[in-house]
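> My questions are about this predicted structure, shown below with the sequence.
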Amino acid sequence: MSLTYLTTCTLCNQRFTVPGLEDLVKTGVGQQQVGKIIQQLSEHVQKKHPKQFAESLIPGLQLSGILRLKHFHSDDPTANQMQEWMRHQIHEMTRNRTVSDEKIREQVHKLGLPELEEPRVSTLIMEMRDIIEERGKFAPKQPGTPATDDNGQPKLDTP
Ligand SMILES: [Zn+2]
């Protein structure tokens, strides 16, 4: 017997009873059913939440654009920057976790390091977070936010 689960729209709390996907993904017929479930949920967003539906179309176009343009090399540095920026935007949309500066400082403080080591370790971890999240490179400058270049080296402000 297949399990059923509740899927809840986070925008309006409407609930959908859907079959568990574990068994469905194993067969071709089941995979078609998974497609229908995704279609049903998409239609809900399209009909009930047109603003969010419209917003979802733009990244889809960006992603397909990136996947097509990756097969080209341009001598135009602006074109390359734009492509990199679009890729970064997609990365930002799909990342679901981050760690704040405050949380890093709090965790480092718990290590009980010598007073002078604490800010150095915090900064190192923030820089590593920035590399992984591509923050230092693209994020607007905020006081206290470490900026790093592609190699993770501190980025110097050029006049
Ligand atoms: Zn809804």
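Perfect, thanks for sending it. Residues are numbered from 1 along each chain as shown.

> got the residues of the chain near the ion?
Applying Cβ under 5 Å from the ion, we find that the chain lies next to the ion at Cys9, Leu11, Cys12, Gln14, Lys48. Placement of C-beta: from N, CA and C, glycine included.

> For the fourth one, the count of nearby residues, please.
By the measure other Cβ atoms under 10 Å, the count of residues near Gln14 is 10.

> Chain neighbours aside, what residue packs nearest to it?
His44 (6.9 Å; Cβ to Cβ, 6 or more residues apart in numbering).

> The one you found against Cys9, yeah?
Yes - between His44 and Cys9 there is a contact under Cβ atoms under 8 Å: 6.3 Å.

> more crowded one of those two?
Neighbour tally, His44 and Cys9, criterion other Cβ under 10 Å: the higher count belongs to His44, 17 against 14.

> Return the distance of that one relative to Pro59.
19 Å (Cβ to Cβ, to the nearest Å).

> lowest-confidence helix or strand of this structure?
helix 135-138 (a mean of 67; mean pLDDT, DSSP states H and E).

> All the strands of this protein, residue numbers only.
Remark: strands assigned in the chain by DSSP state E are 4-8, 15-19.

> Show me what the last one is packed against.
If I follow you right, that is strand 15-19. Applying 3 or more Cβ pairs under 8 Å, 6 or more residues apart in numbering; DSSP states H and E, we find strand 15-19 packed against strand 4-8, helix 28-48.

> so which of these is the most packed in?
Most buried of these, by mean neighbour count (mean count of other Cβ atoms under 10 Å): helix 28-48, with a mean of 12.
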